[in-house]
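Trainee: Just the structure for this:
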Amino acid sequence: QYPLGRCLSPVLGFVDRQQAGAAGIEQQYNRFLQGTDGFIDGTRDGVGREIRARRATTADPIDGAHVHLTLDQTLQLKAEQELAEGVAHAQAAGAQVIVQMVKTGEILVMAATPDFDPERYLEVPAVVWRNPNIGQVYDPGSTMKSVIVASALNEGLITPDSVFDVGHGSWHYGGHVLHDKVYGRVDVRTILKKSSNIGAAMIGLLLGNRRMECYLRGFGFGEPLGIDLPGEARGLLKPSSRWSTVTPTRIAIGQGVSVTALQMLNSYCTIANGGHLMRPYVVSKVVSPSGETILQNGPTVIGRPIRPAVAAQVREMLVSVTEGGTGRRAAVEGYTIAGKTGTAQQVVNGAYSQTDYWASFVGFVPAEDPVFGMLVVIDRPRGLRTGGAVSAPVFSRLALVVARYLELPVTVPADAEQETL
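Mentor: This next block holds a predicted model:
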C-alpha cells in the first residue's frame, strides 16, 4: 500500500504482480523489504484438514526490514506541488527537481513529473516508471560553464580577472560559427555572470581536450555516481581522442555532452562544499523488525577535482549570476544564493531542435556557507524557454521553503535587500 499516492513514486517504485520490487527503492532494497514466509510441517486427514496433534514443525513469518529514507516528506510534497505549477505555467512536457545536502550527499527531495500511482502502475507507459533524475540524460547548456571555469582556475590557466575578447556576437572556429550576446573584452567573472558562449569556449580551448575530459570525469560526468537506486545512467561523454576540432568549444557551453540531473547537481555541490565530490544517497539506514540496524549509509567522498580555494572563487562568481546576471529570478528572500542558468536545444532525430529546449537552474544556499544545493530542469517549455525565465522562479520559491524549513539563519537583512532593489 502507498498511503501518499503518487508522492515519491519515481523514487519508491512499486511491487509487481509477483510480489517483488520492480523499480526504485522497492527494487533496490527488495531483499530487505520482502520478509520471509512462515511454514507448517504437518499431516492432513482424508478431506484435507490438518491433524494438529501430528504437527511436526512450525515457523512464524518474519516481517521485512524498515528502510529509512533521507528524503523529507514535507519538502517532497511541496516540491512536487511547485514542479507541477511550473510545468503548467511553462506548458512543458515534464520537469525534475533535486535537493541535496552539499556536505554529505544526502538527498532531501527527488521529484519528477509526469509521475504515477504505484498501486496502478500498469495504467501508465513503462517509460514513466523510470526516475528521470538519474535515468534520463540531457544537454546541460550553460550550467556546464562553471565546471569548465573551475577546471581552468584549478590548472592556473586563468584567474577571475583574466580578460578575453569575445568580439561582436559571432566567432568562427573549426569551420563553425558560435553566437553570443556578450560583446567586447570581458573578464571571467562577466563570462559567468552574463553567460558568454564565446568566452567559455575560449577557456575550454585553453584547458585542452585531454585535461577537459579528465576534469569532467573528475566532477562525476560520464560514469554513474553510485546512488542507491536502480537505473542510474552514466551520461554521454566521449573520450577526448574522438573529439572533433569544434567539440571542446561546444562541451564548454554544455552541448555535445549529456548528463543526468543528479550528476549536474552533484558537481555544483562539489563547488559548494570546497571541492569534495560526494556519493549521493537516499537511504539513511535499514532496521530489522527487532530494531537492529543492519545497514547504515553516511557521507562518502569519491573524488577531489578542485582545490578549496578554487571552489571559493567560483562560488563568489556564481553569486553575481543572481545579482544582475542571467539568474536574477532565482533570488531568494533573506539569503544570498549562488547558481547558474542553463538553456540547451534538445536533439531530435539527430539534429538540434529549433523548438524543443531543456531549461534549467542549479545553485546552492546560502552562498557564503552552503547547506543545500538544488537543480530544477524543465523539459520542452513553450513560450519563454530559457533557464532564467522558466526554471529560476521555481528554484526561488522552493529554495525559500527549504531554507526556512531547515531554519537557516537569514544572511541578507530586509533593509539590505531593499537597498539592492
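
Trainee: what's the spacing between the residue nearest to Tyr335 when sequence neighbours are not counted and Thr74?
Mentor: Nearest residue to Tyr335 in three dimensions, chain neighbours excluded: Pro366, at 4.8 Å (C-beta to C-beta, 6 or more residues apart in numbering). C-beta here means a position set from N, CA and C on the backbone, and glycine is covered the same way. Relative to Thr74, Pro366 is positioned 21 Å away (C-beta to C-beta, to the nearest Å).

Trainee: of these two, who's got more company?
Mentor: Just comparing Pro366 and Thr74: by other C-beta atoms under 10 Å the higher neighbour count belongs to Pro366, 22 against 11.

Trainee: how would you label the residue nearest the centre of the chain: helix, strand or coil?
Mentor: The residue lying closest to the centre of the chain (C-alpha atoms, centre = their mean) is Leu262, at 2.9 Å. At Leu262, secondary structure determined by DSSP: H, G, I helix; E, B strand; the rest coil is helix.

Trainee: what's across from Ala112 in the sheet?
Mentor: Gln96 (DSSP bridges).

Trainee: Check the gap between it and Gln136 for me.
Mentor: 9 Å.

Trainee: what does Met317 give?
Mentor: Separation of Met317 from Gln136 (C-beta to C-beta) stands at 29 Å.

Trainee: Equivalent analysis for Arg250, please.
Mentor: 21 Å.

Trainee: what do you get for Val149?
Mentor: From Val149 to Gln136 the distance is 26 Å (C-beta to C-beta).

Trainee: ok, those two, which is more surrounded?
Mentor: The neighbour count for Val149 versus Gln136, taken as other C-beta under 10 Å, is higher for Val149 (28 against 19).

Trainee: list the contacts for Ser258?
Mentor: Val137, Tyr138, Asp139, Gly235, Leu236, Leu237 (C-beta atoms under 8 Å, 6 or more residues apart in numbering).

Trainee: Kindly give a single PyMOL line that selects the buried subset of the residues you listed.
Mentor: Buried subset of these, written as a PyMOL selection, criterion 16 or more other C-beta atoms under 10 Å:
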select buried, resi 137+138+139+235+237
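
Trainee: for the closest residue to Asn266 other than its chain neighbours, what are its contacts?
Mentor: Excluding its sequence neighbours, the residue lying closest to Asn266 (C-beta to C-beta, 6+ apart) is Gly220, at 5.5 Å. Applying C-beta under 8 Å, 6+ apart, one finds that Gly220 lies in contact with Gln263, Asn266, Ser267, Thr270, Leu277, Ile302, Gly303.

Trainee: nearest residue to the third one other than its sequence neighbours?
Mentor: The reference is to Ser267. Phe219 (4.4 Å).

Trainee: okay, that neighbour: pLDDT?
Mentor: Note on Phe219: pLDDT of 98.

Trainee: Quick check: it vs Asp45, distance?
Mentor: Applying C-beta to C-beta, one obtains 70 Å for the distance of Phe219 from Asp45.

Trainee: So those two - more neighbours on which side?
Mentor: Ranked by neighbour count (other C-beta under 10 Å), Phe219 and Asp45 place Phe219 first, with 24 against 9.

Trainee: Contact partners for the more buried one?
Mentor: Phe219 neighbours (C-beta under 8 Å, 6+ apart): Val147, Ser267, Thr270, Leu277, Gly303, Pro305.

Trainee: Over to Arg55?
Mentor: So Arg55 contacts Ile40, Asp41, Gly42, Thr43 (C-beta under 8 Å, 6+ apart).

Trainee: cool, and Ala112?
Mentor: Listed by C-beta under 8 Å, 6+ apart, the contact set of Ala112 reads Pro10, Leu83, Gly94, Ala95, Gln96, Val97, Asn131, Pro132, Asn133.

Trainee: Let me know the distance separating the third one from Tyr138.
Mentor: Distance, Gly94 to Tyr138, by C-beta to C-beta: 11 Å.

Trainee: Kindly report the same for the fourth one.
Mentor: Ala95 sits 12 Å away from Tyr138 when distances are taken as C-beta to C-beta.

Trainee: which residues do the two both contact?
Mentor: Joint contacts of Ala95 and Tyr138 (C-beta under 8 Å, 6+ apart) are Val377, Asp379.

Trainee: can you list the contacts of Phe219 in a markdown table and add distance to Leu153 and neighbour count?
Mentor: Listed next are the contacts of Phe219 as a markdown table, based on distance: C-beta to C-beta, whole Å; neighbours: other C-beta atoms under 10 Å:
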| residue | distance to Leu153 | neighbour count |
| --- | --- | --- |
| Val147 | 11 | 30 |
| Ser267 | 14 | 28 |
| Thr270 | 14 | 27 |
| Leu277 | 17 | 21 |
| Gly303 | 17 | 17 |
| Pro305 | 11 | 23 |
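
Trainee: Just flag the most distant two among those residues.
Mentor: Taking C-beta to C-beta, the two most distant members of the contacts of Phe219 are Val147 and Gly303; they sit 12.9 Å apart.

Trainee: follow-up on the earlier one: can you select the buried ones from the contacts of Ala112 in PyMOL?
Mentor: Filtering the contacts of Ala112 down to the buried ones (16+ other C-beta under 10 Å) takes a single PyMOL command:
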select buried, resi 10+83+94+95+96+97+131+132+133
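
Trainee: any chance you could map the strands in the stretch 1-150 of the chain?
Mentor: 39-41, 57-59, 66-69, 94-101, 107-113, 137-138 (DSSP state E, counting those that start in this stretch).

Trainee: worst average pLDDT in those?
Mentor: Among the strands of the stretch 1-150 of the chain, strand 57-59 scores lowest, with a mean of 79.

Trainee: From Thr341, how far out is the residue nearest to the centre of the chain?
Mentor: 19 Å.

Trainee: What of Ala233?
Mentor: As judged by C-beta to C-beta, Ala233 and Thr341 stand 23 Å apart.
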